[in-house]
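Colleague: give me a 3D structure for the following:
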Amino acid sequence: MTCTLMTSWRGRELVPTTGESEGGVDATPILDWDHLETTPATTDDFLRSTHRWVQQHIRAVYALDDTQPASVTVARGRGSCSQRLAVVEALARRNGISTRVEGLVLRGEFWYPRFRYLRPFVPDRVLLAWPSFLVDGEWIDASAAFVGESCTAPEPFANSGEETLFDAAARNPISWSAGTTSSSCLDLSGFVVQSLGSFDSRDDLFSRYGQTLTRPVRTVLEPLFGHWYPG
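Modeller: Numbering: from 1, shown residues only. Reported below is the predicted structural model:
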């Protein structure tokens, strides 16, 4: 059982965008790298080190505001998977690495293991901004950018316990597309309802489609979910 009443689109069809976005390095209201005072140590592998820095310095919570500025997430020292990914994107842009996102609509069942007693209230569809980074002239999917060379056959991602989607992205490459999965990938394609295409920034994605939960719902739930840690 899933819920449609609390979502911004309430059952309406989400029409994908056409064309391929160019991405960019400019600061945005969400990716406000011009307000970030903290930078992870620069190494030969900036994206992996940045992901590790976020893991170590920004604790995972179930915060609900996908448009929260990255600087606020860093200052609070906690954030959702979406908010932590935004920090990585913001720092990448400040380092001159272009970013863009793909809008993925996921089935609410993906979050059932994490919210076992709240299943009737889990949205039927959840909008996820999944980033890519322009490296050496090629767009690299987030998990491919974060995973080290020692990637092996994966343990399934259960979406429960302490490991979040943000953490799993650095363990093994994640496949959101059917038919593109290798033996070392975490295949999550079965949870994808549709792809909405690529966008220059997560700002553009959420400006066009809205966030999953309506503002009144987020306002009521944020005091609890914004301090609720996985595990």
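
Colleague: then the longest strand anywhere in the chain to PDB, C-alphas only?
Modeller: Identified as the longest strand of the chain according to DSSP state E is strand 125-135. Output of strand 125-135 as PDB, limited to C-alpha atoms (Å, rounded to 0.1, in the frame of the first residue of the first chain):
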ATOM      1  CA  ARG A 125       6.100   7.500  -6.400                       C
ATOM      2  CA  VAL A 126       9.300   9.300  -5.200                       C
ATOM      3  CA  LEU A 127      11.300  11.700  -7.300                       C
ATOM      4  CA  LEU A 128      15.100  11.200  -7.100                       C
ATOM      5  CA  ALA A 129      17.700  13.600  -8.500                       C
ATOM      6  CA  TRP A 130      20.600  11.300  -9.600                       C
ATOM      7  CA  PRO A 131      23.800  13.200 -10.500                       C
ATOM      8  CA  SER A 132      26.400  12.800 -13.100                       C
ATOM      9  CA  PHE A 133      29.800  14.500 -13.400                       C
ATOM     10  CA  LEU A 134      31.700  15.600 -16.500                       C
ATOM     11  CA  VAL A 135      35.100  14.000 -16.300                       C
END
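
Colleague: what's the helix or strand that it is followed by in contact with?
Modeller: Following strand 125-135 in sequence order, the next helix or strand is strand 138-141 (DSSP states H and E). For strand 138-141, contacts defined as Cβ atoms under 8 Å, 6 or more residues apart in numbering pick out 23, 100, 130, 132-134, 173-174. C-betas here are computed from N, CA, C, even on glycine.

Colleague: just the angle for the lengthiest helix in the chain relative to strand 125-135, thanks.
Modeller: When the chain is scanned for its longest helix (criterion: DSSP state H), the result is helix 81-94. Compare the direction of helix 81-94 with that of strand 125-135 by axes from the mean of the first three to the mean of the last three Cα atoms, to 10 degrees and you get 20 degrees.

Colleague: what average pLDDT does helix 81-94 get?
Modeller: Confidence for helix 81-94, expressed as mean pLDDT, is 97.

Colleague: for stretch 187-195, same thing?
Modeller: Per-residue scores along stretch 187-195 average to 94.

Colleague: for the longest helix of the chain, name the packing helices and strands.
Modeller: Packing partners of helix 81-94 (3 or more Cβ pairs under 8 Å, 6 or more residues apart in numbering; DSSP states H and E): helix 46-57, helix 70-76, strand 99-107, strand 125-135, helix 165-168, helix 202-209.

Colleague: just put these in a markdown table and tack on mean neighbour count and mean pLDDT.
Modeller: Converted to a markdown table, these look like this (neighbours: other Cβ atoms under 10 Å; pLDDT from 0 to 100):
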| stretch | mean neighbour count | mean pLDDT |
| --- | --- | --- |
| helix 46-57 | 19 | 94 |
| helix 70-76 | 21 | 97 |
| strand 99-107 | 22 | 97 |
| strand 125-135 | 21 | 96 |
| helix 165-168 | 21 | 94 |
| helix 202-209 | 20 | 97 |
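
Colleague: so which of the ones you listed comes closest to Val15?
Modeller: Nearest to Val15, of all those, is helix 202-209, at 9.2 Å by Cβ to Cβ.

Colleague: tell me the centre residue of this structure?
Modeller: The centroid of the chain falls nearest to Ser82 when counting by Cα atoms, centre = their mean (3.7 Å).

Colleague: for the closest residue to that residue other than its chain neighbours, what are its contacts?
Modeller: Distances taken as Cβ to Cβ, 6 or more residues apart in numbering place Asp66 nearest to Ser82, at 4.8 Å, with adjacent residues excluded. By Cβ under 8 Å, 6+ apart, the contact set of Asp66 is 80, 82-83, 127, 129, 202, 206, 211-212.
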